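In: Predicted model and sequence below, questions to follow.
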Amino acid sequence: NKMEYSCDIRRGREELTVYGELWDDGLCLWNSWGDTGYAPEFTIAEIYDDENNVVSLNTLTPREISVIIDIFTADYWDHVL
């Protein structure tokens with residue numbers, strides 16, 4: 001059972017649309033964050049530029065990945081609570 005997520009991020013003058021998935025197949029796929037509890041685990045699946053061309057996942061910077069995961073996580077909690 002996969003739930004899909006998407007968001008837009010800016011890279012310079014480009015706007016990239018990022019698609020990801022939350023994996024939830026009944027197994028424990030959660031990262032433990034110590035005293036903050038648990039966070040869902042996401043996979044970044046596809047990225048497209050504003051002309052709908054595929055952008056390589058390898059071009060994501062650690063900061064971009066962090067921003068994307070934060071957006072997906074916020075979206076997740078918005079729909080769970």
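Out: Here it is on my side, so go on. Residues are numbered from 1 along each chain as shown.

In: CA atoms for contacts and neighbours, from now on please.
Out: Noted.

In: Could I get the full set of helices for this protein?
Out: Counting by DSSP state H, the chain has these helices, from start to end: 62-80.

In: Just want the most central residue of it.
Out: Using CA atoms, centre = their mean, the residue of the chain that lies closest to the mean C-alpha position is Ile69, 4.1 Å off.

In: correct me, but that residue touches Phe42?
Out: Yes. With contact defined as CA atoms under 8 Å, Ile69 counts as touching Phe42 (7.0 Å).

In: Quick check: the gap between the residue nearest to the centre of the chain and Glu51.
Out: 23 Å (CA to CA, to the nearest Å).

In: from what I can see Ile47 touches Leu60, true?
Out: No. Ile47 lies out of contact with Leu60 (CA under 8 Å); the separation is 9.5 Å.

In: for the residue nearest to the centre of the chain, what are its contacts?
Out: For Ile69, the set of contacting residues under the criterion of CA atoms under 8 Å, 6 or more residues apart in numbering consists of Phe42.

In: Give the burial count for Arg10, as a bare number.
Out: Other residues near Arg10 number 11, with proximity taken as other CA atoms under 10 Å.
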